[in-house]
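**Student:** I'll drop the sequence and a predicted model, then ask my questions.
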2 protein chains.
Amino acid sequence: MTVICRLDDGPLRFNALRRAVNGITQRMLSITVRRLERDGLISRAVEPAVPPRVEYALTERGRSLHRVLAELVAWTEENLDEIRRDRERYDDAARAEELLAFPA
Amino acid sequence: MTVICRLDDGPLRFNALRRAVNGITQRMLSITVRRLERDGLISRAVEPAVPPRVEYALTERGRSLHRVLAELVAWTEENLDEIRRDRERYDDAARAEELLAFPA
DNA sequence: CTGTATCCCTAAAGATACTG
DNA sequence: CAGTATCTTTAGGGATACAG
């Protein structure tokens, strides 16, 4: 998801994409772009040069998936704060019940 | 995702939900519903009876997430066949290159 | 019926080093 | 620069047994 979102802003080369995703290891990005290319969601263009330049970009299918994913991202941004609050309440309630069951 | 989609058709009790999801283990469903409840996506209602009846249902937040997920499901249904075809082509090409590199 | 508790095993991801 | 290869660690999930 993150790779697709970063590539929606335009094509990126391997290390630029890696910086854009921020935190992904070289190995995982390598595996991820291969899978996305296999699924036809991104394209991989090699410019024969020394050192090599490989550019990744969304395909039309990738862009169409991004439209859906963007809604999911928007939903998350709209709901994350409240979800975090509910999680705290849930954890507090769970802790309280534990104390009731096994009083220290 | 599957649990949320199944619950969108209406509330279900634990084992009915398990049958609806079809394939999930008791352990994983238990973990999953607990996390969804913690996130405020589903509600859990216990009817005090013997044997106990516990009904799970989507909350309003869960329904709003389902609206987004339903689009993702629709996207998948629209695209899966072509993705499968692309995967085969990708794998065939990869196999062909391997043979070129290491001829038997 | 609705779950927990254990044990176990594997697939996924991290760290590190190396290469065309 | 754009990756592989290798090794190790960890978290996710299966199987099974038990419990209120």
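**Tutor:** Right, received. Where do you want to start? Residues are numbered from 1 along each chain as shown, chains lettered A, B, ... in the order given.

**Student:** quick one: the lowest-mean-pLDDT helix or strand in chain A to helix B:60-101, angle?
**Tutor:** The helix or strand of chain A with the poorest confidence is helix A:60-101; it has a mean of 94 (mean pLDDT, DSSP states H and E). Here helix A:60-101 runs at an angle of 130 degrees relative to helix B:60-101 (axes from the mean of the first three to the mean of the last three CA atoms, to 10 degrees).

**Student:** can helix A:60-101 be found next to chain B?
**Tutor:** Yes: Helix A:60-101 is in contact with chain B by CB under 8 Å from any CB of the partner chain, via A:61, A:64-65, A:68-69, A:71-72, A:75, A:79, A:82-83, A:86-87, A:90-91. Using the backbone N, CA and C atoms, a C-beta is placed for each residue, glycine as well.

**Student:** that helix vs DNA strand D: in contact?
**Tutor:** No: contact of helix A:60-101 with DNA strand D (CB under 7 Å from any atom of the strand) is absent, the minimum separation being 10.7 Å.

**Student:** which ones are touching residue A:3?
**Tutor:** Going by CB atoms under 8 Å, 6 or more residues apart in numbering or on different chains, residue A:3 touches A:17, A:21, A:29, A:32, A:33, A:36, A:42.

**Student:** against residue A:30, how distant is residue A:18?
**Tutor:** To residue A:30, residue A:18 is 9 Å away according to CB to CB, to the nearest Å.

**Student:** same question, residue A:12
**Tutor:** 14 Å.

**Student:** of these two, which one has the most company?
**Tutor:** Using other CB atoms under 10 Å in any protein chain shown as the criterion, residue A:12 and residue A:30 rank with residue A:12 on top: 19 against 13.

**Student:** now do the contacts for the more buried one.
**Tutor:** Going by CB under 8 Å, 6+ apart, residue A:12 touches A:6, A:20, A:55, A:56, A:57.

**Student:** let's see the pLDDT reported for the fourth one.
**Tutor:** Right, residue A:56. pLDDT for residue A:56: 98.

**Student:** can I assume it is in contact with residue A:6?
**Tutor:** No: the pair residue A:56 / residue A:6 is not scored as a contact, 9.4 Å apart, by CB atoms under 8 Å.

**Student:** DNA strand C contacts on chain A?
**Tutor:** Residues of chain A lying close to DNA strand C (CB under 7 Å from any atom of the strand) are A:24, A:25, A:26, A:27, A:28, A:31, A:51, A:52.
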